[in-house]
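S.K.: Here's a sequence, model it:
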Amino acid sequence: MKSVTSYGLLVECFWFALFCGSATHLLADSILHKWEKLYLVHHWPVTVCMMNENECKDPPMYWTIHGLWPDKAAECNRSWHFNISELKDFMEDMKEYWPDILHVNHTHFWKHEWEKHGTCAAELEVLNSQKKYFQKALELYRKIDLNSFLLKVGIKPGSTYYQLTAVKEALESFYNVMPKIQCIPPEEGRLQVYEFTKPDL
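M.R.: Residues are numbered from 1 along each chain as shown. Coordinates of the predicted model:
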């Protein structure tokens, strides 16, 4: 990959969203159908801290889960409140792969993701409980294995700045999807590196 300046891209990149599958055929008869695709969204914890001007304590130096998001839907069932006890069987995996680096109590982030996105994803039988929703996100995270893939193609955190087009093309060729990539704008005087690709819906 061609490096374009000596500042770490992965430190500033906010999230990757990879298309996970279409639910159209599964929801074809549903009156409540509000979405067609799921995105597994990863984020770079250091960037999350920078964006929120939060002095996070030892943020992970690997991509973690931001959420499993249906497209075109949010807060589908406001009466379905988050229940942390549904996650007790896989709590250690949640803390490692889906940490809330901005709050000491991880439940704040998970509650938000469930209420905004999980209640919509629950229209599918395979995601129709908090346990199923969070477990499926963890399963997809392991299957996609974004951290290993990026290292394999030589894209790693550090002092090298990578062109987003190169990152996007590598992801497209390997996963056979069009990723959405969003980065925070650079400080004044630095190279602008922002790209947002809209997936085909």
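S.K.: how about low-confidence regions in the chain?
M.R.: 1-33, 54, 185-201 (pLDDT under 70).
S.K.: Centroid-nearest residue for it?
M.R.: Nearest to the geometric centre of the chain sits residue 41, at 1.7 Å (C-alpha atoms, centre = their mean).
S.K.: How about that residue, nearest residue that isn't a chain neighbour?
M.R.: residue 66 (4.1 Å; C-beta to C-beta, 6 or more residues apart in numbering). The C-beta positions use only the backbone N, C-alpha and C, and glycine is treated the same way.
S.K.: Partner strands of the helix or strand containing the one you found and their direction?
M.R.: Here residue 66, judged by DSSP states H and E, is contained in strand 64-70. Strand 64-70 pairs in its sheet with strand 37-43 (antiparallel), by DSSP bridges.
S.K.: Convert the strand it pairs with to PDB, retaining C-alpha atoms only.
M.R.: Output of strand 37-43 as PDB, limited to C-alpha atoms (Å, rounded to 0.1, in the frame of the first residue of the first chain):
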ATOM      1  CA  LYS A  37     -29.800  -5.200   5.000                       C
ATOM      2  CA  LEU A  38     -27.700  -5.600   8.100                       C
ATOM      3  CA  TYR A  39     -24.400  -3.900   8.600                       C
ATOM      4  CA  LEU A  40     -21.800  -5.100  11.100                       C
ATOM      5  CA  VAL A  41     -20.200  -1.800  12.200                       C
ATOM      6  CA  HIS A  42     -16.600  -1.800  13.600                       C
ATOM      7  CA  HIS A  43     -15.000   1.200  15.200                       C
END
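S.K.: and the helix or strand following that strand, which residues are buried?
M.R.: Next along the chain after strand 37-43, taking DSSP H and E as the criterion, comes helix 45-51. Residues of helix 45-51 classed as buried: 45, 46, 47, 48, 49, 50 (neighbour count, 16 or more other C-beta atoms under 10 Å).
S.K.: now stretch 104-118
M.R.: Buried residues in stretch 104-118 (16+ other C-beta under 10 Å): 106, 109, 110, 111, 113, 114, 115, 117, 118.
S.K.: Report all helices and strands that the longest helix seen in the chain contacts.
M.R.: Assignment by DSSP state H gives helix 130-144 as the longest helix of the chain. For helix 130-144, the packing partners by 3 or more C-beta pairs under 8 Å, 6 or more residues apart in numbering; DSSP states H and E come out as strand 37-43, strand 64-70, helix 91-97.
S.K.: Please report phi then psi for residue 174.
M.R.: When quoted as degrees, to the nearest 10, the phi and psi of residue 174 stand at phi -80, psi -50.
S.K.: Quick check: the gap between it and residue 183.
M.R.: 20 Å (C-beta to C-beta, to the nearest Å).
S.K.: out of these two, which sits in the busier spot?
M.R.: residue 183 (21 against 14; other C-beta atoms under 10 Å).
S.K.: tell me the strands in the chain, going along the chain?
M.R.: 13-22, 37-43, 64-70, 180-183 (DSSP state E).
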